[in-house]
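Here you go, sequence then predicted model.
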Amino acid sequence: MSVPRLEEVRISVRLFAGLRERAGADHVDVDLPEDASVGDLLAAMTSTPVGSLQAGQCVVAINRTYATARQRVRPDDEVALIPPVSGGGGAVRHIRITPGPLYLAALSAAVRDERAGAVVIFEGVTREVPTLSYEAYADMAHERLHAIAEEVAASHGLCAVAVEHRTGDVALGEPSVIVAASAPHRPEAFAGARAIIDRLKSEAPIWKVETAHDGTRHRVEGILPSTHLRSDIEHS
């Protein structure tokens, strides 16, 4: 009895830094069996302009999350090869959880880089109510923000990232969070800044309470973070 042959699917793989220079393109397409894993994808690079890859030369990101060698790759996934980040995570310039005010100019200056042609700043400000009060599990929030910044910087090709978040009372119109991101070009800078703030809102252990105009207080409901959040790179 013959074993049915698996159909092949085409996977588009984004390339960055030295791998992009090596291939002479910002992406390559590879044809893989429909049940292919990350390990299969890396082996298939031999037949592309990227060429053979040795252990430690890169990791794979799938949908902007670092993947293990056994993880499956699907045609609609956003797949990228991530070489070692310059300076061992040096893209993360500044992370701070603070009860004090936030200063946009300081974060903008922190992400200036001679490689960057675009700097994007996002401010999240109190709206509609007189005060928002923030509470944080500060040590864990700091670690989570640093991990998010590292992962997004790598997956979006950012030059530098800086993030600050307030605790305590934040008055109407004042910023409670600032995200600064720089990149060679504006699409990466915009996408990177958005990815950081979106993940911060769902992953960092930070909570808020609204104080209404009549003085009543209301805790803002959130979502329960996944227990499978990753803060490191798995190599196998």
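It's in. Bear in mind that the values here come from a model prediction, so they are computed numbers and not experimental data. Numbering: from 1, shown residues only.

avg pLDDT for stretch 219-236?
Across stretch 219-236, the average pLDDT comes to 54.

what's the answer for stretch 147-155, then?
Per-residue pLDDT over stretch 147-155 has a mean of 92.

which residues are in contact with it?
Residues from elsewhere that reach stretch 147-155, judged by Cβ atoms under 8 Å, 6 or more residues apart in numbering: 61, 64-66, 80, 82, 85, 89, 91-92, 95, 158, 160-161, 163, 181, 192, 195-196, 199-200, 203-204, 230-232. No exception for glycine: its C-beta is placed from N, CA and C like everyone else's.

Just the buried residues of those.
With burial judged by 16 or more other Cβ atoms under 10 Å, the buried subset of the contacts of stretch 147-155 is 61, 64, 66, 80, 82, 85, 91-92, 95, 158, 160-161, 163, 181, 192, 195-196, 199-200, 203-204.

so the most centrally placed residue in the chain, which of the three states?
By Cα atoms, centre = their mean, the chain has its centre lying nearest to residue 152, at 2.1 Å. Residue 152 falls in the helix class when you classify it by DSSP: H, G, I helix; E, B strand; the rest coil.

Equivalent analysis for residue 128, please.
Per three-state DSSP, the local secondary structure of residue 128 is coil.

distance of it from residue 76?
Going from residue 128 to residue 76 by Cβ to Cβ, to the nearest Å gives 38 Å.

okay, now the domains of the chain?
8-82, 92-219 (automatic domain parsing).

Then residue 43 would be within a helix, right?
Yes: per three-state DSSP, residue 43 lies within a helix segment.

tell me which residues of stretch 10-17 are tucked away?
Neighbour-count burial for stretch 10-17 flags 11, 13, 14, 15, 16, 17 (criterion: 16+ other Cβ under 10 Å).

Report the helix or strand with the lowest average pLDDT across this protein.
strand 65-66 (a mean of 78; mean pLDDT, DSSP states H and E).

all strands for the protein, in order.
8-15, 27-33, 59-62, 65-66, 79-82, 92-98, 118-125, 131-136, 160-166, 168-171, 175-183, 206-211, 217-219 (DSSP state E).

List the neighbouring strands of the last one plus their orientation.
In its sheet, strand 217-219 lies beside strand 206-211 (antiparallel), with partners assigned from DSSP bridges.

Quick check: buried residues in the partner strand?
Buried residues in strand 206-211, defined by neighbour count with 16+ other Cβ under 10 Å: 206, 208, 210, 211.
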